[in-house]
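**Q** Next input, structure requested:
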Amino acid sequence: YSTSWPMKIWFCCLQPAQHGGETLIADSRKVFERIDPQVRQKFAEKKVMYIRNYGDVDLSWQEVFQTSNRSDVEAYCRQSGIEFEWKSDEKLKTRQVCQAIATHPKTGTHVWFNVAHIFHISNLALDVQKSLLSLFEAEDLPRHACYGDGSPLEVSVLNEIREAYQAETIAIPWQKGDILMLDNMLVAHGRKPFSGARQVVVGMAEPYC
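**A** Here you go, the predicted structure:
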């Protein structure tokens, strides 16, 4: 959910979890191919808007932006094309329109490159959805996603996208000392739930702007 990202990402396992905690990876080119062409076209044209409300249920803006200075936050948002709105000293809303599809600068291939299906409330368990919607309007949810023009995303479309990811997902189990390096555009990553202590450190390099 950004217009700039690292092209390379490394993971190093210092301590595997007692149970679970595998890193999930999926080829973003194959995910792209699995999605209906009409859906791809609509996302390409409209893009994705990510909405965040800091300070209620989600992280505070001080933690996310790593500063307690409002001016620093405003400067970063302006530089990054992020619309911001202060609700109070402790509450901040941001909106940012980002790409839904990207073209890899070296391979020239199209990749599905957004996290709308994760940001959208439909990604949460039904009881959590009901609880949040009883407290907030959609625009005021801690995290929310819609099309770039503000129109709502169809849950059926988001479910299709989730199914495409599930079909292409590979789970990488960890052993202490393992290192995994990925092309951060060609491969999406996630993590399975885990129990017990787990420490997997991450390094990133080669910014794409």
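**Q** and the end-to-end length of stretch 52-62?
**A** 14 Å (Cα to Cα, to the nearest Å).
**Q** What residues sit buried inside that stretch?
**A** Of all the residues in stretch 52-62, those buried under the rule 16 or more other Cβ atoms under 10 Å are 52-55, 61-62. To be clear about C-beta, it is placed using only N, CA and C from the backbone, and glycine gets the same treatment.
**Q** Show me the contact partners of that stretch.
**A** Applying Cβ atoms under 8 Å, 6 or more residues apart in numbering, the contact partners of stretch 52-62 are 64, 68, 73, 87-88, 90-94, 132, 136, 140-144.
**Q** where do the strands sit along this protein?
**A** With DSSP state E as the criterion, the chain has strands at 5-15, 19-20, 23-27, 48-54, 83-86, 92-98, 101-103, 110-112, 143-147, 169-172, 179-183, 187-191, 194-195, 199-208.
**Q** Let's have those strands in a markdown table, adding mean pLDDT and distance to E163.
**A** Output for those, formatted as a markdown table (pLDDT from 0 to 100; distance: least, Cβ to Cβ, whole Å):
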| stretch | mean pLDDT | distance to E163 |
| --- | --- | --- |
| strand 5-15 | 96 | 25 |
| strand 19-20 | 96 | 22 |
| strand 23-27 | 98 | 12 |
| strand 48-54 | 96 | 18 |
| strand 83-86 | 96 | 32 |
| strand 92-98 | 96 | 22 |
| strand 101-103 | 96 | 18 |
| strand 110-112 | 97 | 13 |
| strand 143-147 | 96 | 18 |
| strand 169-172 | 97 | 11 |
| strand 179-183 | 97 | 22 |
| strand 187-191 | 96 | 14 |
| strand 194-195 | 96 | 24 |
| strand 199-208 | 94 | 27 |
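**Q** For the nearest residue to S151 once chain neighbours are set aside, give me its contacts.
**A** Among residues not flanking S151 along the chain, K46 sits closest, at 7.3 Å (Cβ to Cβ, 6 or more residues apart in numbering). Taking Cβ under 8 Å, 6+ apart, we find K46 in contact with 100, 147-149, 151.
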